[in-house]
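Visitor: just coords:
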């Protein structure tokens, strides 16, 4: 199995988390980076989306991941928040597609199942397990942890698929 | 009043309408172009968004509008359709912001009020009035008509603001 670099994105209308992990050829996971893009809500929406896109495009160039993992959204709280989330999510997926990086989507349940062991886990449990799995000295910020969790979920699913195929 | 070119966009998860009008320095409106970008639903979402963005970016380069007008969405039918609409809408607004073209938003009621004369107008009335106002030989396709209506609404509002200012 070749090493693979996975970039997780947790898009949001104000905060977008990101996190990159590398899965080496022995299947070991390595933390590369993570963080959170904050968009000033005072600026026009189109301007914020341009800034989000520019930030993500820069990260994709810098990290050069082979795959991008994004949480699939089933139920947003309401139509208004779903629309706002959709703006950011569309721009995030676009940034990946423009670099010809395939985007995989996992439900929140799948991500929690892969990282914590059960699909109904709390946010704090996700932060705790992400830190433990990647050997981080502290819990990552919540949105960065969600993005890392999406990346880890994809790493697990890839490894499983490789084992089944092999 | 200087001539201004306005590009209207009616974003949708499958069909995105667009339409450009020019408002000359005498306040007369001229039709430039309109159409509809169809995205094959069989392809991955990120790929469709990339295609939508590329199409809109090309149109923005070709038409070089000074302003972009997009319908503001208050109530999508449900959270799922709002998320899908948001993906396309975010990408459309991004394309404008990347060319440093300001994006203005109008509610569906404002657009219908400006084009048909009352905010509760039917889709077919919008198509009819768009064709009449721009002297088109036939009714434009529904999404293209909505995009042209958004552009016309902005042209009316600009003209009104200019008159009030002058």
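Guide: Cool, got the structure. Quantities reported herein were computed from a predicted structural model and do not represent experimental measurements.
Visitor: How are the helices of chain A distributed by residue range?
Guide: A:45-63, A:79-98, A:108-115, A:123-134, A:142-165 (DSSP state H).
Visitor: Nearest to chain B among these would be which one?
Guide: helix A:79-98 (1.8 Å; CB to the nearest CB). All C-beta atoms are positioned from the backbone trio N, CA, C, and that covers glycine.
Visitor: Give the rounded mean pLDDT of that closest one.
Guide: The average pLDDT for helix A:79-98 rounds to 93.
Visitor: Quick one: list the elements packing against that helix.
Guide: strand A:4-10, helix A:45-63, strand A:67-72, strand A:103-107, helix B:45-63, helix B:79-98 (3 or more CB pairs under 8 Å, 6 or more residues apart in numbering or on different chains; DSSP states H and E).
Visitor: just how off-centre is that helix within its chain?
Guide: Counting by CA atoms, centre = their mean, to the nearest Å, helix A:79-98 is centred 13 Å from the centre of its parent chain.
Visitor: ditto for stretch A:14-30
Guide: With CA atoms, centre = their mean, you get 8 Å for stretch A:14-30.
Visitor: how about that stretch: buried residues?
Guide: A:15, A:16, A:17, A:18, A:19, A:20, A:21, A:22, A:23, A:29 (16 or more other CB atoms under 10 Å in any protein chain shown).
Visitor: from those, which ones fall inside strands?
Guide: If you go by DSSP state E, those have A:15, A:16, A:17, A:18, A:19, A:20, A:21, A:22, A:23, A:29 in strands.
Visitor: buried set for the lowest-mean-pLDDT helix or strand in chain A?
Guide: In chain A, no helix or strand scores lower on mean pLDDT, DSSP states H and E than helix A:142-165, which sits at a mean of 90. Neighbour-count burial for helix A:142-165, counted by 16+ other CB under 10 Å, picks out A:142-156, A:158.
Visitor: ok so, going back, Throw the ones in strands among the buried residues of stretch A:14-30 into CSV and include pLDDT, thanks.
Guide: Shown next, in CSV, are those (pLDDT from 0 to 100):
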residue, pLDDT
A:15, 93
A:16, 95
A:17, 96
A:18, 97
A:19, 96
A:20, 97
A:21, 96
A:22, 95
A:23, 93
A:29, 92
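Visitor: Closest one to chain B out of those, please.
Guide: residue A:16 (11.8 Å).
Visitor: tell me the contacts of that closest one?
Guide: Residue A:16 makes contacts with A:9, A:10, A:36, A:37, A:39, A:52, A:55, A:56, A:88, A:92, A:143, as judged by CB atoms under 8 Å, 6 or more residues apart in numbering or on different chains.
Visitor: Would you write a ChimeraX line that selects the buried entries of these?
Guide: Selecting only the buried entries of the contacts of residue A:16 in ChimeraX, with 16+ other CB under 10 Å as the criterion:
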select /A:9,10,36,37,39,52,55,56,88,92,143
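Visitor: Kindly reformat the contacts of residue A:16 as JSON lines containing distance to residue B:164.
Guide: Shown next, in JSON lines, are the contacts of residue A:16 (distance: CB to CB, whole Å):
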{"residue": "A:9", "distance to residue B:164": "45"}
{"residue": "A:10", "distance to residue B:164": "45"}
{"residue": "A:36", "distance to residue B:164": "43"}
{"residue": "A:37", "distance to residue B:164": "39"}
{"residue": "A:39", "distance to residue B:164": "33"}
{"residue": "A:52", "distance to residue B:164": "35"}
{"residue": "A:55", "distance to residue B:164": "39"}
{"residue": "A:56", "distance to residue B:164": "41"}
{"residue": "A:88", "distance to residue B:164": "36"}
{"residue": "A:92", "distance to residue B:164": "41"}
{"residue": "A:143", "distance to residue B:164": "44"}
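Visitor: give me the beta-bridge partners of the closest residue to residue A:140 other than its chain neighbours?
Guide: In space, and not counting its chain neighbours, residue A:140 is closest to residue A:34: 5.3 Å by CB to CB, 6 or more residues apart in numbering or on different chains. Beta bridges link residue A:34 to residue A:19, judged by DSSP bridges.
Visitor: ok, residue A:34 to residue A:24 distance?
Guide: 18 Å (CB to CB, to the nearest Å).
Visitor: Next: residue A:46.
Guide: 40 Å.
Visitor: Chain A against chain B: which residues are in contact?
Guide: For chain A, the residues in contact with chain B (CB under 8 Å from any CB of the partner chain) are A:44-47, A:49-50, A:53, A:73-91, A:93-94, A:96-98, A:102-103.
Visitor: For the buried ones among those, write the corresponding PyMOL selection.
Guide: Selecting only the buried entries of those in PyMOL, with 16+ other CB under 10 Å as the criterion:
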select buried, chain A and resi 45+46+47+49+50+53+73+76+79+80+81+82+83+84+85+86+87+88+89+90+91+93+94+96+97+98+103
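Visitor: one step back: so which of the helices and strands packed on helix A:79-98 is nearest residue B:133?
Guide: Comparing those against residue B:133 with CB to CB, the closest turns out to be helix B:45-63 (18.9 Å).
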